[in-house]
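**Q** Need the 3D shape of this:
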Amino acid sequence: MKRNNSAEPKSGMLTNSMDTGTSEFKDFQAILLNIAKNRSEAQKKEIELLSIKFQMQDYLESEETELKLPGYFLKEYLKTLDIPQKKFAHYIEMNPSNFNKIIKGERPINYELAIILGEIFNNDAMLWIKIQAKNELKKIQKSKTRRFSNYSLKDLIS
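**A** Alright, predicted model coming up:
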């Protein structure tokens, strides 16, 4: 028999607010804390790496006004993995000073580097490019707002 997954649940955990003052909630919280405490170091690192990936995706989807450079996320990856910047730069066959400029946002991430970073950190190369593109657009829009307001389809066709 086929299940109807499109039907809205009538009751249950997802439809009712949770009372955090109950003993059941405290028991559930204790179980989750115990599970978290017993994770291996490798599991903890994997969760931290996933967290960075989710932060990158969230940044792309947010309307956040503060720019986060691709270098910011790259630095977070290196810090989480305890990899020195110089060692990483040599590994990807890049001059350490040029790599440092990427971290600081003084140099853009090119497509080849985006592919390398995607392979190393197990994410889509386009994620790196999209973050860079978002930042570039925001910088240009912020610095030349008046200039862009001069353009309109209405003016063009009238």
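**Q** which intervals of the protein have sub-threshold pLDDT?
**A** Flagging of the chain using pLDDT under 70 yields the residue ranges 1-18.
**Q** hey, where'd the helices end up in it?
**A** 23-37, 41-61, 70-81, 85-91, 96-104, 111-121, 125-143, 145-149, 153-157 (DSSP state H).
**Q** right, so these: which one is the most enclosed?
**A** Ranked by average neighbour count under the criterion mean count of other CB atoms under 10 Å, the helices of the chain are headed by helix 70-81 at a mean of 18. In short, each C-beta sits where N, CA and C put it, glycine included.
**Q** Identify the residues contacting that one?
**A** When contacts are taken as CB atoms under 8 Å, 6 or more residues apart in numbering, the neighbours of helix 70-81 outside the stretch itself are 45, 48-49, 52, 55-56, 83-85, 88, 102-105, 109, 117, 121, 128, 131-132, 135.
**Q** who are the neighbours in contact with the residue nearest to the spatial centre of the chain?
**A** The central residue of the chain, meaning the one whose C-alpha is nearest the mean C-alpha position (CA atoms, centre = their mean), is M56 at 1.2 Å. For M56, the contacting residues are 73, 123, 127, 131, by CB under 8 Å, 6+ apart.
**Q** That's all I had, so thanks and see you.
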